[in-house]
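Colleague: Here is the input, now give the coordinates:
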Amino acid sequence: MAVLDHEPGKDIYESTGESMRSDDLQRCLDLRRADLDPDLFDAALAVQNIRRLIVAGGGSNDRLDEEALTPHHLAAFLARAVETANKTKRFEQEWRQLQRMVPQIQAAWERGQALFQEDLAHATANPEEMEYFSHIDFAEDCYAAVEARRAYPHDRVLQSWAASGYMVAWWQHFSSAVGERGGGGSDDKTKEKNHPGSMRCHSQNQTLAWLPMQKEAR
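Modeller: The predicted structure follows:
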């Protein structure tokens, strides 16, 4: 599965053996064209935005969070998009090709969740590692991203979805853990401290060096 956000004229989906040139789509996004149809522009923009969302692993920000798009949501939308494209006769091939990516995306997302469970089991047995693992910055940069690259070393799209699945599982686990600890007080600083998204560690360089050695020792 090749990167979807690419230069005009280059093939996408090279890794699946399919060939689709982006010239027509790019022409429909060219606002300099005097004859550009606004409705066609809207249709092309929708394809481009979904491609970028897929490349980002379903997230819209630099950091993945518990609200990231899941493969289930993506599959449901693409099914409707293909149906609409067949009716309007606009970008049918593009939407069908995006829809065919869903099984690989789903598999990568589920693999990310499984990788989280493996890392959680190791961290549970090591209090020092758990201290780092429970910090969102380190969980994403030093665990999710590393595991995703190992799982899909040559596919940036599947890396993104594996990392997304990993971090959704992380949020689910640590958010529930915070809830079980209570946090019944009304002090805002206490709530901020307990929230998993607010945990930051200032010794990141040291940790980046420490974590790989821990993983190598497993």
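
Colleague: Can you show me the strands along the chain?
Modeller: 11-12, 20-21 (DSSP state E).

Colleague: hey, least reliable of those strands by pLDDT?
Modeller: When the strands of the chain are ranked by mean pLDDT, strand 11-12 comes last with a mean of 35.

Colleague: So this structure: which segments form each domain?
Modeller: 11-102, 105-217 (automatic domain parsing).

Colleague: mean confidence for the last one?
Modeller: With pLDDT averaged residue by residue, domain 105-217 scores 77.

Colleague: For the top helix by length along the chain, which helices and strands make contact with it?
Modeller: In the chain, taking DSSP state H as the definition, the longest helix is helix 156-181. Helix 156-181 makes packing contacts with helix 38-55, helix 102-124, helix 145-151 when contacts are defined by 3 or more CB pairs under 8 Å, 6 or more residues apart in numbering; DSSP states H and E. All C-beta atoms are positioned from the backbone trio N, CA, C, and that covers glycine.

Colleague: Looking at the ones you listed, which is nearest to A81?
Modeller: Closest approach to A81 among these (CB to CB): helix 38-55, 7.4 Å.

Colleague: so that closest one versus helix 102-124, what angle?
Modeller: Angle, helix 38-55 to helix 102-124, by axes from the mean of the first three to the mean of the last three CA atoms, to 10 degrees: 30 degrees.

Colleague: List of residues touching helix 38-55?
Modeller: 3-5, 25, 28-29, 31, 60, 69, 74, 77-78, 81, 88, 90-91, 94-95, 98, 101, 105, 156-157, 160 (CB atoms under 8 Å, 6 or more residues apart in numbering).

Colleague: Please pick the buried ones from these.
Modeller: 3-4, 25, 28-29, 69, 74, 78, 81, 90-91, 94-95, 98, 101, 105, 156-157, 160 (16 or more other CB atoms under 10 Å).

Colleague: Narrow those to those in helices?
Modeller: Members of the buried ones among the contacts of helix 38-55 lying in helices (criterion: DSSP H): L25, C28, L74, L78, A81, E94, W95, L98, I105, R156, V157, S160.

Colleague: Can you tell me how far the fourth one is from R51?
Modeller: Going back to what we said before, that points to L78. 11 Å (CB to CB, to the nearest Å).

Colleague: circling back: now, which of the ones in helices among the buried ones among the contacts of helix 38-55 sits nearest A121?
Modeller: The closest of these to A121 turns out to be S160 (CB to CB; 24.2 Å).

Colleague: tell me the contacts of the closest one?
Modeller: By CB under 8 Å, 6+ apart, the contact set of S160 is V55, A56, G57, G58, G59, A148.

Colleague: Format the residues you listed as CSV; extra columns: distance to E140.
Modeller: What follows is the contacts of S160, written out as CSV (distance: CB to CB, whole Å):
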residue, distance to E140
V55, 17
A56, 13
G57, 11
G58, 14
G59, 11
A148, 10
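
Colleague: Pipe these into CSV and attach distance to F174 and neighbour count per row.
Modeller: Shown next, in CSV, are those (distance: CB to CB, whole Å; neighbours: other CB atoms under 10 Å):
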residue, distance to F174, neighbour count
V55, 26, 16
A56, 22, 19
G57, 19, 27
G58, 19, 22
G59, 18, 17
A148, 19, 27
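
Colleague: out of those residues, which one sits closest to W171?
Modeller: Out of those, the member with the shortest distance to W171 (by CB to CB) is G59, at 11.9 Å.
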